[in-house]
Every structure is written in structure tokens, then in C-alpha cells.
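> Below is the structure, and that's it, no one-letter string:
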């Protein structure tokens, strides 16, 4: 039960800030409280290692034999805030895989800083594989008024007069409701990419070889498997330093 003072503080915060911002603030506070000791342990463990393979933002799908980084309490995962840095020395990483993580970073600063750190720690022959939601087919189908095409892409299931989201469980009555859910996701998604924009961003931070790929096809045969359920809506791009 909340004390009167805590209850009063919560009420004032809710009147002052939108719920979305309060959730973000709470997340950042919890992350900062957790991260100090855990991050020191992770940095100490990996700062001298070479030839490591890294799955960034792995969520509940860590890859066996790889260093799996995320901000989750899971014994299979190394706790690390990848928005700020990566716990490896320059040129020590053989491969980086990140699936549906980059869109959660702010485009102007966080995403650029993250990609710069990926380039810094990759070896000269290392490969970065990025998977994000692909905005282009969604917008094309939206422009064409193609509800059925959007339903297959996401996917959605018909529920009376609505369409239900396979991933979020939300119900949509208009195509724009779907578009906003995809590219905003209650404030969790920060940017929508197409191939042109993601390739340009990677080149702008110094990657010299950037290639659009497809589901399950990689220049590095040891890459983790892409999630089959996300194939229809995903963009696949790989980058190397040389």
C-alpha cells in the first residue's frame, strides 16, 4: 500500500507528465540502478576477448555460443545498455547480429552512436547483420488501400469489423491505426526504416560495404537464424568495414 506522500507524488507526476513519458522515465531509473554492477561485470568479462560473436538486443531468443546482450534479467543474457557503448575492444568482434532492435533507438543520436560502436569493435573481416521492420511495403500497401495485403504482411486476423495484430494483440479499424501501431508501438519504436535510409545511415558512419540481403541469406554462414514469423515484414541489411 502506498504511503500518502508517495500517492501524492504519483498523482502529481501523472498530472504533469504523459503516461508514455512516465513509463520511459521509470524504465531509465530502473536501468540505471541495475546497470552499474552488472555492466562492470560484463565489461570485465569481455573487454580482452577477441573473435567473439554478438547478438545485440536478443530478447528471449539468445544464440548458443554467442555473447547475448540485452537489458533483461536472464542467466543466458549479459546485461548491457547497448545504446551507450559495447563492452569490447576495438576490432575484437567477428560478427554482430541484431534483429528488431535498431528501430527502438532514436535516429539522430542513439542509432548513429550504436552503429559507430558496432564498426569500432568489428574486425576488418567482421559482418554486422541488421533486421528491422521494413516501412516501404507497408506504406505501398497503405497507399493502394490494400487491407488484405497489410493483413498478410503483419500478419493480422479478421475479428468482426476489425483486424487483430498477431504480435501486439491490438484491434484496428483503419489502416492508419495499423501504421501508427507499427511505427510507434506505444512510443517504443523511434524510427521507421526503408532500405535506402538504413543503407545511407550505415555508410554515413563509415561502413564501406553495405548490402541489402534477404531472409536466411547471409555473407556469414554462422549468423543466427532470422525469426521466420517476422520474415514478411522485415528488412535485412549487412555491413562490413572493408
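Alright, I've got the coordinates. Note that the structure is a prediction, hence the values are computed from the model and not measured.

> any low-confidence regions in the chain?
For the chain, the stretches flagged by pLDDT under 70 are 1-37.

> rerun that using 50 as the cut-off
Within the chain, the segments meeting pLDDT under 50 span 1-2.

> residues in contact with the residue most central in space within it?
Nearest to the mean C-alpha position of the chain, counting by C-alpha atoms, centre = their mean, stands residue 101 at 0.7 Å. Residue 101 is in contact with 56, 57, 82, counting by C-beta atoms under 8 Å, 6 or more residues apart in numbering. The way it works is simple: take the backbone N, C-alpha and C, and place the C-beta from them, glycine included.

> Check the burial of the last one by counting its neighbours.
Meaning residue 82. 23 (other C-beta atoms under 10 Å).

> coming back round to it: in CSV, list the contacts of residue 101 along with secondary structure and distance to residue 181.
Listed next are the contacts of residue 101 as CSV, based on DSSP: H, G, I helix; E, B strand; the rest coil; distance: C-beta to C-beta, whole Å:
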residue, secondary structure, distance to residue 181
56, strand, 24
57, coil, 20
82, coil, 25
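
> buried sites along stretch 59-70?
62, 63, 66, 67, 68, 69, 70 (16 or more other C-beta atoms under 10 Å).

> again, but for stretch 196-216
Those would be 197, 198, 199, 201, 202, 205, 207, 210, 213, for stretch 196-216 by 16+ other C-beta under 10 Å.

> Stretch 217-235 too?
Quick answer for stretch 217-235 (16+ other C-beta under 10 Å): 218, 220, 223, 224, 226, 233, 234, 235.

> before we move on, what about stretch 176-193?
Per 16+ other C-beta under 10 Å, stretch 176-193 contains these buried residues: 178, 179, 181, 182, 183, 185, 189, 190, 191, 192, 193.

> Among these, which ones are in helices?
178, 179, 181, 182, 183 (DSSP state H).

> The closest residue to the third one other than its chain neighbours: neighbouring residues, count only.
Same thing as residue 181. Nearest residue to residue 181, sequence neighbours excluded (C-beta to C-beta, 6 or more residues apart in numbering): residue 170, at 5.6 Å. When neighbours are defined as other C-beta under 10 Å, residue 170 has 15 of them.

> likewise residue 194?
Neighbour tally, residue 194, other C-beta under 10 Å: 16.

> Give the helix, strand or coil label for the closest residue to it other than its chain neighbours.
Leaving aside its sequence neighbours, residue 194 sits nearest to residue 136 (C-beta to C-beta, 6+ apart; 4.2 Å). Assigned by DSSP: H, G, I helix; E, B strand; the rest coil, the conformation of residue 136 is helix.

> In contact with residue 136, which residues?
Counting by C-beta under 8 Å, 6+ apart, residue 136 has contacts 194, 195, 235.
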